[in-house]
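K.L.:
The following block contains a protein sequence and its predicted model.
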Amino acid sequence: MTSDDKLRPRAFRLDDARPDGGSVVIEEQPDTFLLDGVIEPAEAAIEAAQQQGVLARRGFSWGGLFWSSLGALLALSFGASLMSLIQNFFAHSAVMGWISLPLVAGLGAALGVFVWREVAGLLRQREIAVLHIAFAEARAADDRSAARALVQELSSLYAARPATTRARALLAEHAREIIDGRDLIDIAEREFMLSLDEQATREIANAAKRVSVLTAMSPRATVDVIFVAVQALRLIRRMAEIYGGRPGMIGMLRLARSVGGHLALTASMVAVETGVQQLLGDGILGMVSTKAAEGVANGMLTARVGLSAMAVCRPMPYAARKAPGVKDVAPFLFGGKKGGV
């Protein structure tokens, strides 16, 4: 046995029984990111993408000053126009003036709710991104106290979902008993993320299938571009919602920026994963000039966007579970079976 084999993490079984009568098993961990505080490129790319969009902090800039000033002027102009409109109503008829007041109040209330939802959505998505990075750091450092606090925060994030009741009860029990922080985080990932990951991959597979089929049948390239863009944005929103986010308009823009950053940072990894030679071997080269090939290419692009959104929106890094690839979620694009999708 070599020294590497001795250091490699081993599977072990906890004696504590699960509520369903089974036992909690921690399997040997896949090498998604390194231990002892060293983060692998795949995880580093996710965190860098989050910093570019969801967690971006903007200081002073002339462009920001311009848009802030323009927005303030437009808001003042809109307010002055409303005041003038109400005065005109009163000048024309007192009844019309009094009717206009509750309408303006309703407009102001709706605007306030819109702003509140935007701010709440931004804070929620930021909380998930911060949680993701904290889990990665706690697992790499094997920090027991941090793992306990983060698992409790994760449970609070999904407290409103009845489907997580058993998982929350299990984690509350083992948080008091498990000594190794890394093992506690791995159990949390298996209990909370498994069903969410399955739901997310189904959404990605369905979106990739819709795009590949409809763009293959579409007669115009312009329609293809619009349809792919709409499906990509819809998929990004769905990934955020599945993992607990509630992005508004501004939140979607920041999230889309994070997804775009992740796609750019992982471009080389995707090329290796997809395997150009494998695609050529599957006969796709013979369809380069056909609409079928365009459908396959657009389906792969949609799947990649979905996987990037999944990685960015996930509140935990991939550790106990392996990150899926395009061929895992959409094997039909490679000539494989649909796998129940």
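P.N.:
Arrived safely.
K.L.:
contacts, neighbours, all on C-alpha from now
P.N.:
Will do.
K.L.:
Tell me, please, where in the stretch 151-300 of the chain the pLDDT is lower than the cut-off.
P.N.:
Applying pLDDT under 70 to the stretch 151-300 of the chain flags residues 179, 268-289, 291.
K.L.:
For it, just list every one of the helices.
P.N.:
165-175, 181-188, 194-217, 221-242, 249-265, 267-274, 276-281, 291-313 (DSSP state H, counting those that start in this stretch).
K.L.:
where's the third one relative to the chain centroid, distance-wise?
P.N.:
From the chain centre to the centre of helix 194-217 is a distance of 15 Å (C-alpha atoms, centre = their mean, to the nearest Å).
K.L.:
which outside residues touch stretch 212-229?
P.N.:
211, 291, 292, 293, 294, 295, 296, 297, 298, 299, 302 (C-alpha atoms under 8 Å, 6 or more residues apart in numbering).
K.L.:
Please read the previous query as pertaining to stretch 160-168.
P.N.:
19, 155, 158, 159, 188, 191, 192.
K.L.:
any idea how far the third one is from residue 81?
P.N.:
Shown here: residue 158 relative to residue 81, a distance of 44 Å by C-alpha to C-alpha, to the nearest Å.
K.L.:
Of those two, which one has the most company?
P.N.:
The neighbour comparison of residue 158 against residue 81 (other C-alpha atoms under 10 Å) goes to residue 158, with 17 against 12.
K.L.:
thought the more buried one was touching residue 245?
P.N.:
No: at 10.7 Å, residue 158 does not count as touching residue 245 under the criterion of C-alpha atoms under 8 Å.
K.L.:
For the lengthiest helix in the chain, enumerate the helices and strands it packs against.
P.N.:
Selection of the longest helix in the chain by residue count, based on DSSP state H, yields helix 94-141. Judged by 3 or more C-alpha pairs under 8 Å, 6 or more residues apart in numbering; DSSP states H and E, helix 94-141 is in contact with helix 62-92, helix 144-157, helix 181-188, helix 249-265, helix 291-313.
K.L.:
Now the second one: buried residues?
P.N.:
Residues of helix 144-157 classed as buried by neighbour count (16 or more other C-alpha atoms under 10 Å): 144, 146, 147, 148, 150, 151, 152, 154, 155, 157.
K.L.:
Can you lay out those as CSV showing distance to residue 49?
P.N.:
Below are those laid out as CSV (distance: C-alpha to C-alpha, whole Å):
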residue, distance to residue 49
144, 27
146, 24
147, 23
148, 26
150, 21
151, 23
152, 25
154, 21
155, 25
157, 22
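K.L.:
Nearest to residue 96, out of these: which one, please.
P.N.:
residue 157 (47.8 Å; C-alpha to C-alpha).
K.L.:
Excluding sequence neighbours, find me the nearest residue to the closest one.
P.N.:
Excluding the flanking residues, the one nearest residue 157 by C-alpha to C-alpha, 6 or more residues apart in numbering is residue 244, at 7.1 Å.
K.L.:
I'd like to know how far that neighbour sits from residue 215.
P.N.:
Residue 244 is 31 Å from residue 215, where distance means C-alpha to C-alpha.
K.L.:
Those two - which one has more neighbours?
P.N.:
residue 215 (26 against 19).
K.L.:
give the contact list for the nearest residue to residue 333 once chain neighbours are set aside.
P.N.:
Distance criterion C-alpha to C-alpha, 6+ apart; nearest residue to residue 333, sequence neighbours excluded, is residue 296 at 5.9 Å. Residue 296 is in contact with 212, 216, 333, counting by C-alpha under 8 Å, 6+ apart.
K.L.:
same thing with residue 126?
P.N.:
Residue 126 sits next to 54, 55 when contact means C-alpha under 8 Å, 6+ apart.
K.L.:
And for residue 310, the neighbour number?
P.N.:
With other C-alpha under 10 Å as criterion, residue 310 counts 26.
K.L.:
make that residue 220, sorry
P.N.:
Using other C-alpha under 10 Å: residue 220 sits among 9 other residues.
K.L.:
Equivalent analysis for residue 176, please.
P.N.:
Residues contacting residue 176 under the criterion other C-alpha under 10 Å number 10.
K.L.:
Kindly report the same for residue 116.
P.N.:
When neighbours are defined as other C-alpha under 10 Å, residue 116 has 13 of them.
K.L.:
Next one: residue 165 from residue 314, what distance?
P.N.:
19 Å.
K.L.:
Which one of these two is surrounded by more residues?
P.N.:
With neighbours defined as other C-alpha under 10 Å, residue 165 and residue 314 compare such that residue 314 has more, 24 against 13.
K.L.:
Contacts only, for that one.
P.N.:
Applying C-alpha under 8 Å, 6+ apart to residue 314 gives the contacts 128, 129, 132, 243.
K.L.:
now residue 120
P.N.:
Counting by C-alpha under 8 Å, 6+ apart, residue 120 touches residue 246.
K.L.:
going forward can the numbers begin at 30, since that is how I track them
P.N.:
In the new numbering, first residue 30, that becomes residue 149.
K.L.:
tell me the pLDDT at it?
P.N.:
Looking at residue 149, its pLDDT stands at 91.
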